[in-house]
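Colleague: Show me how the following folds:
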Amino acid sequence: MLRWITSRWIALMVAVAVVQASPLAIAGDWSRFRGSQGNSLAATDEKLPTEIGPEKHLIWRSELPPGHSSPAIVGNRIFVTGVRGGEKGEDGSVTNRELFTFALDRATGKIQWEAKAPFEKLESIHKIGSHAQSSPCADADVVISFFGSSGLYCYDHSGKQLWTLPMGPFNNDFGAGSSPMIVGDRVILCQDHDLDSFLMAIDKKTGQTIWKTDRSEFPRNYCSPILWDNAGQQQIVIAATLRVVGYDLETGKEAWTVRGISRMVSCSPTVGDDGNLYVAGWAAGGDDNERIGVDPYESVAYRDRDKSGTLEESELQEGPIHQRFSQVDRNKDGKITPAEYEYFRGLFSVGKNLVLSIKPGAKGDATETNVVWRHAKLVPFCASPIYVNGLLYTVKDGGILQCLDAKTGKSLKQLRLEASDSYYASPVSGDGKIYLLDEAGRLTVLAATDTADVLHTADFKEDVYATPAIVDGRVYIRTAKALYCFGLK
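Modeller: Below is the predicted model of the structure:
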């Protein structure tokens with residue numbers, strides 16, 4: 001009996017020692033794009049390093065194939081997607097390319113497993129885009145990866161494929177970019193493309209569709225959905241062409257809308273600790289001082305040289321319609337009908353670049369009843385706004401940072417950063433700091449105050465498109481070549 005007690009005591013002490021010696025005590029998760037709550041705030045409150053860089057406060061660096069997806073972190077795993085290979089032909093087509101989901105060990109950064117996603121045809125993407133643009137999401141049971149060219153894939157944490165839902169390629173030459181999220185036993189996915197846009201809920205366990213809502217009114221957009229507690233109602237919020245929409249989580253039916261935003265939206269909404277929803281949308285021609293006007297179809301119909309009743313790209317002169325021919329030609333038949341032309345002309349006429357705040361209680365058309373404020377200056381393009389302690393921060397391409405009073409929408413501070421490239425990665429915050437990275441890989445660390453003092457800068461000298469993750473005292477930054485983990489040792 002004494003020997004049994006002694007052996008149990010020794011085993012217990014060894015277990016305690018192992019836990020105490022562990023390089024990472026796991027307490028929180030960062031389960032999707034912009035964190036488990038979709039607000040880009042640190043999941044836990046540990047201290048974070050300020051002066052991080054390629055070699056400062058570095059815990060590990062793991063080489064990765066390229067991809068724009070942001071890391072999802074659950075348990076002892078980090079999940080990202082990436083692309084291997086790819087030869088581009090003279091016609092712009094890509095061959096010998098493979099799409100993968102990768103699982104990395106959270107403590108060491110070593111790749112634990114990889115899973116390939118097959119496809120019949122790769123979709124077109126933007127010249128700086130990736131076929132691994134959408135970020136994966138995960139919970140304690142599964143990881144969900146989305147490749148527009150191939151569809152949705154569900155794996156367990158050991159890499160075993162549980163189900164797949166084929167879809168795509170989509171009618172959009174910029175590719176798929178919106179990311180899925182898991183809500184309970186449902187996977188929520190929104191895809192807005194030039195045709196056949198939709199919002200859907202899928203059973204996490206089986207891959208079966210629970211409901212699918214038609215969004216064909218909306219052309220291409222890149223907002224990822226967020227869950228909002230709207231006066232006790234759990235709703236999915238999406239910002240897209242000309243309006244913000246809230247959908248009932250259980251049925252997918254539209255519950256409310258706010259009208260009057262940009263003609264295309266790439267930012268994702270965020271929710272403040274005040275319960276309000278914060279939305280930003282920017283597209284060219286939507287600023288008050290830089291409006292783009294388009295002549296009516298009747299005034300350009302004479303250019304229809306073959307009298308087909310439509311306009312081909314060669315029949316259009318230089319201008320906003322010619323420049324965006326592939327977007328205006330929504331069905332991709334190589335011709336613009338009068339209806340397609342006038343629809344897009346209307347977007348230029350009505351679309352307005354804004355940051356706005358929406359309070360809970362929205363029902364039906366809530367444009368006049370629930371909008372707390374609108375702010376029309378320095379609206380960001382891709383980098384989503386972030387709410388920290390009553391302040392709303394935005395960063396515009398060119399490195400123009402703005403701090404707004406979240407209660408009033410009043411601008412408290414404007415600052416031009418040294419990192420002056422485009423911003424595709426959204427800012428993240430923890431430990432009283434805000435971390436931002438521009439496309440060129442230049443990092444800025446700011447104080448999360450109304451003065452937004454610059455605390456540190458660094459240059460990774462690698463392109464950055466993925467939004468960082470912050471959890472358990474670690475900052476994870478993905479560049480074009482690697483995933484970095486930083487922390488206070």
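Colleague: lowest-pLDDT helix or strand in this protein?
Modeller: Taking mean pLDDT, DSSP states H and E as the measure, helix 2-21 is the helix or strand of the chain with the lowest mean score, a mean of 39.
Colleague: any idea how far the next helix or strand after it is from the chain center?
Modeller: Sequence-wise, the next helix or strand downstream of helix 2-21 (DSSP states H and E) is strand 58-63. From the chain centre to the centre of strand 58-63 is a distance of 23 Å (CA atoms, centre = their mean, to the nearest Å).
Colleague: Show me what strand 58-63 is in contact with.
Modeller: Contact with strand 58-63 is made by 23, 52, 54, 104, 108-111, 474, 481-487, 489, as judged by CB atoms under 8 Å, 6 or more residues apart in numbering. In this view, the C-beta of every residue, glycine as well, is placed from N, C-alpha and C.
Colleague: 6 Å - rerun?
Modeller: By CB atoms under 6 Å, 6 or more residues apart in numbering, the list of residues contacting strand 58-63 from outside reads 109, 482-487.
Colleague: separation between residue 422 and residue 292?
Modeller: With the distance defined as CB to CB, to the nearest Å, residue 422 ends up 20 Å from residue 292.
Colleague: which sections of the stretch 51-200 of the chain are below the confidence cut-off?
Modeller: 87-94 (pLDDT under 70).
Colleague: residue boundaries of the strands in it?
Modeller: Listed in chain order, the strands of the stretch 51-200 of the chain (DSSP state E, counting those that start in this stretch) span residues 58-63, 72-74, 77-88, 94-105, 111-117, 137-138, 142-147, 151-156, 161-166, 181-183, 186-191, 198-203.
Colleague: Quick one, which of these gets closest to residue 366.
Modeller: Shortest separation from residue 366 across these is recorded for strand 198-203, at 18.5 Å, computed as CB to CB.
Colleague: Tell me which strands the closest one pairs with, and in which orientation.
Modeller: Partners of strand 198-203 in the sheet, by DSSP bridges, are strand 186-191 (antiparallel), strand 209-214 (antiparallel).
Colleague: okay, the angle between the first one and strand 151-156?
Modeller: Calculated by axes from the mean of the first three to the mean of the last three CA atoms, to 10 degrees, strand 186-191 forms an angle of 160 degrees with strand 151-156.
Colleague: Strand 161-166 and strand 186-191, what's the angle between them?
Modeller: Computed by the same axes, to 10 degrees, the angle between strand 186-191 and strand 161-166 is 30 degrees.
Colleague: likewise the last one?
Modeller: For strand 209-214 against strand 161-166, the angle by the same axes, to 10 degrees is 30 degrees.
Colleague: After strand 209-214, which helix or strand is next?
Modeller: Proceeding N to C from strand 209-214, the next assigned helix or strand is strand 226-230, under DSSP H and E.
Colleague: so what's residue 62 closest to, chain neighbours aside?
Modeller: On the basis of CB to CB, 6 or more residues apart in numbering, the spatially nearest residue to residue 62 that is not a chain neighbour turns out to be residue 109, at 3.5 Å.
Colleague: just residue 390 next, same as before
Modeller: Nearest-residue entry for residue 390: residue 406, 5.2 Å, with adjacent residues in sequence omitted and distances by CB to CB, 6+ apart.
Colleague: Just give the number of residues close to the one you found.
Modeller: A count of nearby residues for residue 406, using other CB atoms under 10 Å, gives 23.
Colleague: Could you report the pLDDT at it?
Modeller: According to the predicted model, the pLDDT of residue 406 comes to 98.
Colleague: do the same with the one 5 residues further on
Modeller: For residue 411, the pLDDT comes out at 98.
Colleague: Okay, and the beta partners of it?
Modeller: Bridge pairing for residue 411 (DSSP bridges) gives the partners residue 404.
Colleague: hmm, back to that, quick one, which of the strands of the stretch 51-200 of the chain gets closest to residue 463.
Modeller: Nearest to residue 463 among these is strand 77-88; the distance by CB to CB comes to 13.9 Å.
Colleague: Go ahead and name everything in contact with the helix or strand harbouring residue 392.
Modeller: Assigned by DSSP H and E, residue 392 falls within strand 391-396. Identification of contacts with strand 391-396 by CB under 6 Å, 6+ apart yields 278, 378, 380, 383, 385-386, 401-404, 406, 423, 436.
Colleague: Identify, from these, the entry nearest to residue 148.
Modeller: For the contacts of strand 391-396, the closest approach to residue 148 (CB to CB) belongs to residue 383, at 21.5 Å.
Colleague: so who does that closest one touch?
Modeller: Neighbours of residue 383 in contact, by CB under 6 Å, 6+ apart: 395, 423, 426.
Colleague: Just give the closest residue to it, not the sequence neighbours.
Modeller: Counting by CB to CB, 6+ apart, residue 383 lies nearest to residue 423, which is 4.1 Å off, once chain neighbours are set aside.
Colleague: So what's the residue count around that neighbour?
Modeller: Residues contacting residue 423 under the criterion other CB under 10 Å number 28.
Colleague: Can you classify it by secondary structure?
Modeller: Taking DSSP: H, G, I helix; E, B strand; the rest coil as the rule, one finds residue 423 in the coil state.
Colleague: who's in contact with it?
Modeller: With contacts defined as CB under 6 Å, 6+ apart, the neighbours of residue 423 are 383, 395, 397, 438.
Colleague: before we move on, what about residue 410?
Modeller: By CB under 6 Å, 6+ apart, residue 410 has no neighbours at all.
Colleague: Roughly how far does it sit from residue 392?
Modeller: Taking CB to CB as the measure, residue 410 and residue 392 are separated by 10 Å.
Colleague: same thing with residue 402?
Modeller: Between residue 402 and residue 392 the distance is 9 Å, computed by CB to CB.
Colleague: per-domain residue ranges of this structure.
Modeller: Domain assignment for the chain by automatic domain parsing gives 25-61+383-484, 69-222, 297-349.
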